[in-house]
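In: I would like the atomic coordinates for the input below:
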Amino acid sequence: MATPTPAPKTQQQIPYTARAFTPAHSDLAQSAGVPAQLANEQYIEALARIVYYWAYPAIDVMTRTSQWEVMKAGAGTMAGVFPAGPVNTSGCLSDYMPPAQRMVVTPNNDTIYMSAFLDLGREPAVIQTPTKVPKAHYWTEQVADVFTNVIYQLGSGAGTPGCKCLLVGPEWKGQKPGEFLAVLRMPTNVGWVAGRSFAAHTPESKAESLAVLDQIRIFPLSENKPGQQNADCKAESRNAAYPPGVTAQAIAAEPVRLSAGMGQPEDILGRPRKDARGESYRWPLRHGNGRSGAHTDRITQVQRGL
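Out: Okay, here's the model as predicted:
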């Protein structure tokens with residue numbers, strides 16, 4: 001005996017709130033005709049665009065947190081091309097970003113980067129700024145929420161002194177530790193910190209840049225010790241960790257395919273991507289396009305308060 005097919009819901013069976021949310025509302029006079037149906041299609045399309053633009057940055061950031069598992073042994077570089085670390089931990093480069101990376105769409109060619117992805121729901125993170133900086137040297141730490149909105153902008157341009165601040169999530173309750181200059185509350189637990197230090201195209205300038213970048217750090221509060229806790233960016237940049245199925249040889253051999261859509265299982269022609277062994281794989285990195293829309297009130301607060 002064949003299983004009967006359920007009859008589709010009529011307009012009246014759909015909950016009122018759902019019906020009232022659309023222009024084609026059959027309970028209202030002159031709202032169930034063709035004009036209303038066309039308006040409804042346009043409304044849904046416009047709503048879909050809004051939802052996409054609103055959600056895409058958050059989805060992009062969450063995808064990048066796959067580095068936490070890949071980098072669980074310690075800070076270094078993701079696939080040898082991007083600074084990365086475990087959760088709430090920064091990694092740094094020792095030179096300019098290489099062309100093979102796709103985590104930053106248009107990186108600077110005159111700064112060296114550090115980067116950390118946050119989950120402040122697990123525990124607060126320490127954000128450390130440099131205490132020894134040559135006069136007029138440019139550096140910055142850009143703190144963004146899960147939507148890539150810049151919440152805090154620390155750096156030479158903001159007049160931020162060398163210090164430690166505590167990054168906390170929206171629901172954190174506690175007291176500021178004694179040696180910390182400020183508590184910086186984020187509107188979302190997940191976020192991204194990108195640090196940069198100026199480097200001209202000379203060995204001397206790059207050495208100066210790294211001396212500053214070594215002092216720019218993110219690490220969990222549970223790992224905090226008195227005083228500055230500096231990194232060794234030269235050593236970290238040599239600590240390359242690769243996602244399953246990804247090798248340095250594969251990156252070197254397929255620069256065009258990587259640039260076509262890093263993070264996608266197919267290349268630009270729709271063919272499955274292959275690793276060096278000829279097996280299909282999905283790259284956990286994403287080609288992002290963060291908004292970095294400044295929250296000027298919070299930035300001004302930090303500029304004045306620090």
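
In: give the buried residues for stretch 212-222.
Out: Residues of stretch 212-222 classed as buried by neighbour count (16 or more other Cβ atoms under 10 Å): 212-221. From N, CA and C alone the C-beta is placed, and that goes for glycine too.

In: wasn't residue 103 part of a helix?
Out: No: Residue 103: not assigned to a helix; according to DSSP: H, G, I helix; E, B strand; the rest coil it is coil.

In: quick check: the gap between it and residue 71.
Out: As for residue 103, its distance to residue 71 is 13 Å (criterion: Cβ to Cβ, to the nearest Å).

In: what residues do these two have in common as contacts?
Out: residue 78 (Cβ atoms under 8 Å, 6 or more residues apart in numbering).

In: in stretch 240-255, what counts as buried?
Out: For stretch 240-255, a neighbour-count test (16+ other Cβ under 10 Å) marks 240-241, 243, 245-246, 250-251, 254 as buried.

In: packing partners for the strand or helix carrying residue 43?
Out: Per DSSP states H and E: residue 43 is located in helix 34-64. Contacts defined by 3 or more Cβ pairs under 8 Å, 6 or more residues apart in numbering; DSSP states H and E place helix 34-64 against strand 190-198.

In: helices or strands next to the strand it packs on in the packing?
Out: Using 3+ Cβ pairs under 8 Å, 6+ apart, strand 190-198 sits against helix 34-64, strand 111-119, strand 139-145, helix 203-213.

In: re the thing from before, and the next helix-or-strand element following the helix holding residue 43, average pLDDT?
Out: On the C-terminal side of helix 34-64, the nearest following helix or strand under DSSP H and E is helix 67-70. Regarding helix 67-70, the rounded mean pLDDT is 93.

In: how about residues contacting helix 67-70?
Out: Contact partners of helix 67-70, identified using Cβ under 8 Å, 6+ apart, comprise 78, 84-87, 117, 119, 241-243, 284-285.

In: below-threshold pLDDT in the protein: ranges please.
Out: In the predicted model of the chain, residues 1-14, 16-36, 254-306 satisfy pLDDT under 70.

In: try it again with 90
Out: Confidence mapping of the chain against pLDDT under 90 gives the ranges 1-48, 51, 53, 63, 78-81, 97-109, 178, 242-306.

In: now do the domain split for it, please.
Out: The chain is divided into the following domains under automatic domain parsing: 67-239+292-305, 244-283.

In: turn those domains into TSV, including distance to residue 61.
Out: As requested, those are exported to TSV (distance: least, Cβ to Cβ, whole Å):
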stretch	distance to residue 61
domain 67-239+292-305	5
domain 244-283	13
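
In: for residue 39, find the nearest of those domains.
Out: domain 67-239+292-305 (29.8 Å; Cβ to Cβ).

In: so how far is stretch 46-58 from its chain's centroid?
Out: 17 Å (Cα atoms, centre = their mean, to the nearest Å).

In: buried residues, it. List them.
Out: 56-57.

In: over to stretch 132-143?
Out: 133, 137-143.

In: may I ask which two of those residues are separated the most?
Out: Longest span within these, Cβ to Cβ: 137 and 143, 20.1 Å.
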